[in-house]
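1. Everything below, folded, please.
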Amino acid sequence: MILKSDGLIPPPPPTPAPEVPASSSQVDNKTRVAAWSAWANEHPHYEQQQLSQDDRAAEMTALRVDRDVQILNHILDDIEFFVTKLQKAAEAFNELSKRKKAKKGKKKSPGEGVLSLRSKPPTEEEFVDCLQKFKHAFNQLFVLTCRRS
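-> Residues are numbered from 1 along each chain as shown. Coordinates of the predicted model:
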């Protein structure tokens, strides 16, 4: 699209941009519920009034389960990425060890610098982050099993 543009910048939208929601660590639950209620009151066309109370509860439960599944999938993707990174570092370390044993006393080959960079394991912070994601994943699984019961 950029290559095909005629160089003109489109005008700004007529309405202001929506506010970015605060993270859960910045705002407590009561404030978020109050903000959501205020927004829902301002935008009544988003609410489905013809649904019965049971239908609404079932729909909300389904939406929560779907959201929890999406969160769990993202967490598992992050864990999988970390494990892949760890495996690649281990493979590079093994290859570097083999080369060092085979070429004791000889000059470094050009590829060894790259291998030594790849062989560095993830940082301690990345390990802690991954372990926290495992914990979060188990908590998500618990929540999902409770909601489906």
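2. hey, let's count contacts and neighbours off CA atoms from now on
-> Fine.
3. what pLDDT, on average, does the top helix by length along the chain get?
-> Determined from DSSP state H, the single longest helix within the chain is helix 53-102. Averaged across helix 53-102, pLDDT comes to 88.
4. Run through who's touching the next helix or strand after it.
-> Downstream of helix 53-102, the next assigned helix or strand under DSSP states H and E is helix 111-118. By CA atoms under 8 Å, 6 or more residues apart in numbering, the list of residues contacting helix 111-118 from outside reads 88-89, 92-93, 95-96.
5. let's see it at 10 Å
-> Outside of helix 111-118, the residues that reach it under the criterion CA atoms under 10 Å, 6 or more residues apart in numbering are 85-86, 88-97, 99-100, 119.
6. circling back: would you mind giving the orientation angle of the longest helix of the chain with respect to helix 111-118?
-> 140 degrees (axes from the mean of the first three to the mean of the last three CA atoms, to 10 degrees).
7. Can you name every helix or strand that helix 53-102 contacts?
-> On a contact count with 3 or more CA pairs under 10 Å, 6 or more residues apart in numbering; DSSP states H and E, helix 53-102 meets helix 111-118, helix 124-148.
8. Which of those sits closest to Ala62?
-> helix 124-148 (9.1 Å; CA to CA).
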